[in-house]
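Q: sequence unknown, structure follows:
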């Protein structure tokens, strides 16, 4: 196995205008994110709203260019910004969005939606495209007769299948799934997740699975990356993360996941305070105002990801053996 | 589709079943639904019938009109309509000061009014949508320049601006139409820009961008079809204001030139007879009123029928 995606210090800063005379503020949505994704694995990215998960997804799919850092996908450095590279990577990385109701053009028929990537990126004839699209419909568990229908005639789960079909029609190696099931019913979630697992086996796909739902992540992920305020705070294999989370934030996050079995319910760690403003992050470790283990060092120095067994974690308390 | 159905599809169960598609095609179903909501508005339906009648009159003008629109009869000057004293069946709506049949002139006038509406709306819509699409999609300084220009045009009283333009271009029907189109297109620019800005944020646009759609394709193929609803309504309403403005320009002597049987021009020619021969002024005015009213009613009905918020179920 080799790394198909590797990010080094990737940052994204948005300029936000605050009124006519105020100086524009820089909103750091993603800060110095470094991680790798192995070929064929599922890397889950978790964190609460506003922690930069979706921004990371937009960077990975080249919707946005990172303001800093290097991002290498399938051996091509996209931060170099050559349009020929970006064009080649179009068929390597694709994305499935969270909201299946907004992700499909209401004026296009399903067939046209699935064929659009082919129309733009290949020289296939109309008949060949049609055949490929119908084949893809079958792959995602839809019927060939759905080809001529409009998106509004489908349920949420079906629409997500259509979105997956569109993402897969160019035979990508990497699929970025931006909360693909959080807008769906629980029963539909399961069927879409099973479909995704099937497709990964069959097509040898690499998934980057973005979610805030830790129980879903437990079901699909190989490794998990936990983000807080734009920074990765812990990267660990799934088993290690769920059995012995290292970072205090990960622990709090896991303790907040509802469990059906009463014996599995641990002590609920309640975080005090609120998520700091990304305009004005606290000095030192960004988690220090809410962290029960914070000391003077945490308030001044910034921890970096260091290895502790299979886990890489950015926390001084773990480094120093305080927890 | 439920996950059961998905499993079925994967295993090929039910593959032998004929297409489950409903018999009615989606387009026809949409049309049917549209007519259902449109016909709820009785005024709009009446307006539509009147409008269709006017179109038919315009098309079959040579068949319907009893006289040539410009033929003068020196023996029958200012003959009153048939129901008034001294009226005659030869001239049902009377004649004007040079003995031309009012009815024939009004029938031919429908042709001019509809042509004006059509040409002006086509011009304004094409220019307005293209400019608005660019402004809403590109944003930045392009947007600022375009929108300030449109604001300037909108700040003038529309008739005054049209007057100035006609004065520059020279009087005549074609120039009047160009001037009116220019005055009307900022509305289309604003409307298109607003819808494009809203649609551009939607995920299906991002999805199209991820697969490498060019900006032109995004604008025309992906975004534009989703912005058409309000534009259709605006186009209908502009049709009537175009007719009205053209009549006003005609009345001021800057639109169609005599002896063209354009309704506004007819009004202008007749102003000195307002007290002596009421029919010469009233009928062209009525014709304008009925046409504009009918089109406005249709526009209102269209707005209701195309607005998803008005729909039940």
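A: Alright, I've got the coordinates. Computed from a prediction, not measured in an experiment: that's the story for all the values here.
Q: C-alpha from now on. contacts and neighbour counts both.
A: Fine.
Q: Count the residues that sit near the residue lying closest to residue B:274 once chain neighbours are set aside.
A: Take residue B:274 and drop its neighbours on the chain: the residue closest to it by C-alpha to C-alpha, 6 or more residues apart in numbering or on different chains is residue B:281, 6.2 Å away. The tally of other residues near residue B:281 (other C-alpha atoms under 10 Å in any protein chain shown) stands at 22.
Q: So residue B:281 sits against residue B:267, correct?
A: Yes - assessed by C-alpha atoms under 8 Å, residue B:281 is found in contact with residue B:267 at 5.6 Å.
Q: Need the residues touching each of those two.
A: Here residue B:281 and residue B:267 have no joint contacts, going by C-alpha atoms under 8 Å, 6 or more residues apart in numbering or on different chains.
Q: In contact with the closest residue to chain B within the stretch 1-150 of chain A, which residues?
A: As assessed by C-alpha to the nearest C-alpha, chain B sits closest to residue A:103 within the stretch 1-150 of chain A, at 4.1 Å. By C-alpha under 8 Å, 6+ apart, the residues touching residue A:103 are A:97, A:163, B:202-205, B:207.
Q: Excluding sequence neighbours, find me the nearest residue to residue B:249.
A: Closest to residue B:249 by C-alpha to C-alpha, 6+ apart is residue B:255, at 4.9 Å.
Q: tell me the pLDDT at the one you found?
A: pLDDT, residue B:255: 83.
Q: And what about the residue nearest the centre of chain A, helix, strand or coil?
A: Taking C-alpha atoms, centre = their mean, the centroid of chain A lies closest to residue A:210, which sits 2.8 Å from it. Three-state call for residue A:210 (DSSP: H, G, I helix; E, B strand; the rest coil): strand.
Q: which residues does it form a beta bridge with?
A: Beta bridges link residue A:210 to residue A:45, residue A:178, judged by DSSP bridges.
Q: So it sits against residue A:53, correct?
A: Yes - counting by C-alpha under 8 Å, residue A:53 is a contact partner of residue A:210 at 6.6 Å.
Q: residues touching the residue nearest to residue B:249, list them.
A: Neighbour list for residue B:255: B:171-173, B:175-176, B:246-247, B:249, B:265 [criterion: C-alpha under 8 Å, 6+ apart].
Q: can you tell me which of those residues are in helices?
A: Using DSSP state H to define helices, the subset of the contacts of residue B:255 located there is B:173, B:175-176, B:246-247, B:249, B:265.
Q: buried set for the helix ranked longest in chain B?
A: What stands out as the longest helix in chain B, according to DSSP H, is helix B:102-138. Buried residues in helix B:102-138, counted by 16 or more other C-alpha atoms under 10 Å in any protein chain shown: B:102-114, B:116-121, B:123-125, B:127-137.
Q: next one: stretch A:31-49
A: A:31-48.
Q: From the opening residue of it to its closing one, how far?
A: 16 Å (C-alpha to C-alpha, to the nearest Å).
Q: Equivalent analysis for stretch A:46-56, please.
A: Stretch A:46-56: ends 11 Å apart by C-alpha to C-alpha.
Q: Now do that stretch, average pLDDT.
A: 85.
Q: who touches that stretch?
A: Under C-alpha under 8 Å, 6+ apart, the answer for stretch A:46-56 is A:12, A:29-30, A:45, A:178, A:210-214, A:224-231.
Q: Three-state assignment for residue A:8, please.
A: strand.
Q: residues contacting it?
A: Counted by C-alpha under 8 Å, 6+ apart, residue A:8 has contacts A:32-35, A:69-71.
Q: Is it possible to get a markdown table of those that adds pLDDT and distance to chain B?
A: As requested, the contacts of residue A:8 are arranged in a markdown table below (pLDDT from 0 to 100; distance: C-alpha to the nearest C-alpha, whole Å):
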| residue | pLDDT | distance to chain B |
| --- | --- | --- |
| A:32 | 84 | 24 |
| A:33 | 85 | 22 |
| A:34 | 87 | 23 |
| A:35 | 88 | 23 |
| A:69 | 85 | 21 |
| A:70 | 86 | 20 |
| A:71 | 87 | 17 |
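Q: can you redo the residues you listed as TSV with secondary structure and distance to residue B:212?
A: Output for the contacts of residue A:8, formatted as TSV (DSSP: H, G, I helix; E, B strand; the rest coil; distance: C-alpha to C-alpha, whole Å):
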residue	secondary structure	distance to residue B:212
A:32	strand	28
A:33	strand	26
A:34	strand	27
A:35	strand	26
A:69	strand	24
A:70	strand	22
A:71	strand	19
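Q: Check which helix or strand residue B:196 maps to.
A: helix B:173-200 (DSSP states H and E).
Q: For that helix, name the packing helices and strands.
A: helix B:102-138, helix B:140-155, helix B:158-169, helix B:228-251 (3 or more C-alpha pairs under 8 Å, 6 or more residues apart in numbering or on different chains; DSSP states H and E).
Q: Could you say which one of the ones you listed comes nearest to residue A:133?
A: Closest approach to residue A:133 among the helices and strands packed on helix B:173-200 (C-alpha to C-alpha): helix B:228-251, 28.0 Å.
Q: by contact count, what packs against the helix or strand hosting residue A:196?
A: Assigned by DSSP H and E, residue A:196 belongs to helix A:186-203. Secondary-structure packing of helix A:186-203 (3+ C-alpha pairs under 8 Å, 6+ apart): helix A:156-168.
Q: so the helix it packs on versus helix A:186-203, what angle?
A: 20 degrees (axes from the mean of the first three to the mean of the last three C-alpha atoms, to 10 degrees).
Q: Find residues that contact each of residue A:210 and residue A:53.
A: With C-alpha under 8 Å, 6+ apart as the test, residue A:210 and residue A:53 both reach A:45-46.
Q: tell me the contacts of whichever residue of the stretch 151-300 of chain B sits closest to chain A?
A: As assessed by C-alpha to the nearest C-alpha, chain A sits closest to residue B:204 within the stretch 151-300 of chain B, at 4.1 Å. For residue B:204, the contacting residues are A:102-105, by C-alpha under 8 Å, 6+ apart.
Q: Buried residues, stretch B:39-50. List them.
A: So, applying 16+ other C-alpha under 10 Å, buried residues of stretch B:39-50: B:39, B:41, B:43-45, B:47-48, B:50.
Q: Show only the entries of the residues you listed found in helices.
A: Reading helices off the buried residues of stretch B:39-50 with DSSP H, I get B:39, B:43-45, B:47-48, B:50.
Q: Which of those scores worst on pLDDT?
A: Minimum confidence in those sits at residue B:39, scoring 87.
Q: you'd agree it is up against residue B:46?
A: No - Residue B:39 is beyond contact range of residue B:46, at 9.5 Å (criterion: C-alpha under 8 Å).
Q: picking up where we left off before, so the residue of the stretch 1-150 of chain A closest to chain B sits in a helix?
A: No - counting by three-state DSSP, residue A:103 falls outside a helix, being coil.
Q: What does the pLDDT read for residue B:221?
A: With respect to pLDDT, residue B:221 scores 88.
Q: check which helix or strand covers residue A:5.
A: Applying DSSP H and E, one finds residue A:5 within strand A:3-16.
Q: Neighbouring strands of that strand in the sheet, and parallel or not?
A: Strand A:3-16 has these strand partners (DSSP bridges): strand A:25-38 (antiparallel), strand A:68-73 (antiparallel).
Q: From the rest of the structure, what touches stretch A:178-194?
A: By C-alpha under 8 Å, 6+ apart, stretch A:178-194 touches A:54, A:57, A:95-100, A:156-157, A:160-161, A:209-213, A:220, B:2-3.
Q: who are the neighbours in contact with residue 98?
A: As the question left the chain open, I've gone with chain A. Contacts of residue A:98 by C-alpha under 8 Å, 6+ apart are A:177-183.
Q: was after chain B, sorry
A: B:72-74, B:77-78.
Q: Just the buried ones from those residues?
A: Judged by 16+ other C-alpha under 10 Å, buried ones among the contacts of residue B:98: B:72, B:77-78.
Q: Secondary structure and distance to chain A added to these, as a markdown table?
A: Below are the buried ones among the contacts of residue B:98 laid out as a markdown table (DSSP: H, G, I helix; E, B strand; the rest coil; distance: C-alpha to the nearest C-alpha, whole Å):
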| residue | secondary structure | distance to chain A |
| --- | --- | --- |
| B:72 | coil | 56 |
| B:77 | coil | 59 |
| B:78 | coil | 58 |
